[in-house]
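K.L.:
Have a look at this fold, sequence not included:
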């Protein structure tokens, strides 16, 4: 049988297919092994807790068990005394929470330890376990999200928007879940007042971090997104697409405090997006106004009678999220004075 010459394009496609199959199989094997391991740890933790209660054993049994298991299974990690205590803790704290037990099997053991030691409430733990499984967070990202109070900002906070009045019920609920009350932008490395365009430039340069902070489902389309209407051009600061909502999401950046006219301008932009950019099978476009600070009552009045879905949120440029959001940027007038001062110094 004559051998045909291997074409580069055909072989490249063949190789890609094989690599994809290998990666899928490895991923399934990893998750299967992880589920088995976490299941084993659960059973060990259960056995320790029940035997201590039944036999009246104290803490010393954990140290003794650790030493014997390490001798019996040399080269196998996971049987240190601290790890056995974590196994016991997982059983004791999750035994009456079947939903949590299901979730812990979906993420690595190190992630579970982080959630157990850094959070307390069931709803908070559920959130971080779900997000870790859904988004594939690394342990460092998970820890940073907990430190930045992602749960409080995305789920437990008092978000300001008009989604209920302007979107179908099921989409409004999803939009509410997708939005945060405060966005942590400390990764931009801004330590002094800057104008909106500089903040936008830094966000584009760190777009991966921005998308991570925005949350699941966001895809970046572009900055200073141009829309032409008759002979005029308009530019949206940042434009995203949300896969789950199937909606365009426009974000306008404001270096100072919220002003009522921002809502009207965003409403105008959303009209343009819906009429000139949105595809027929997509849901209505959504707008988020990101400000350094806001008066909640003023926002409530500004959004009243706005007929497009608009949300107003704050951002924080500090690594922590202190009580009352201390460390926010100054208001717009202070920013302008600071910039003028710098410009003057540069010409001396």
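P.N.:
Thanks, I have it. Keep in mind that what you see is a predicted model, and the values were worked out from it rather than measured.
K.L.:
Count the residues that sit near residue 260.
P.N.:
The local packing of residue 260 (other Cβ atoms under 10 Å) involves 12 other residues. Glycine gets a C-beta too; all of them are placed from N, C-alpha and C.
K.L.:
Dihedrals phi and psi, it?
P.N.:
phi -50, psi -30 (degrees, to the nearest 10).
K.L.:
Name the nearest residue to it, sequence neighbours excluded.
P.N.:
residue 302 (4.1 Å; Cβ to Cβ, 6 or more residues apart in numbering).
K.L.:
Next SSE downstream of the strand or helix carrying the one you found?
P.N.:
Element membership for residue 302 (DSSP states H and E) is helix 296-303. Counting by DSSP H and E, the element after helix 296-303 in chain order, helix or strand, is strand 310-316.
K.L.:
Now do that next one against helix 296-303, angle only.
P.N.:
Interaxial angle, strand 310-316 versus helix 296-303 (axes from the mean of the first three to the mean of the last three Cα atoms, to 10 degrees): 150 degrees.
K.L.:
so what does strand 310-316 touch, helix or strand wise?
P.N.:
Here strand 310-316 is seen to pack against strand 160-161, strand 182-184, helix 261-276, strand 286-293, helix 296-303 when contacts are counted using 3 or more Cβ pairs under 8 Å, 6 or more residues apart in numbering; DSSP states H and E.
K.L.:
What angle do helix 261-276 and that strand make with each other?
P.N.:
120 degrees.
K.L.:
gap between strand 310-316 and the chain center?
P.N.:
15 Å (Cα atoms, centre = their mean, to the nearest Å).
K.L.:
Next: stretch 136-152.
P.N.:
Relative to its chain's centre, stretch 136-152 lies at 8 Å (Cα atoms, centre = their mean).
K.L.:
swap in stretch 72-89?
P.N.:
In terms of Cα atoms, centre = their mean, the centre of stretch 72-89 is found 31 Å from the chain centre.
K.L.:
For the stretch 151-300 of the chain, just list every one of the helices.
P.N.:
163-166, 169-178, 196-205, 207-214, 261-276, 296-303 (DSSP state H, counting those that start in this stretch).
K.L.:
Chain neighbours aside, what residue packs nearest to residue 183?
P.N.:
Among residues not flanking residue 183 along the chain, residue 315 sits closest, at 4.5 Å (Cβ to Cβ, 6+ apart).
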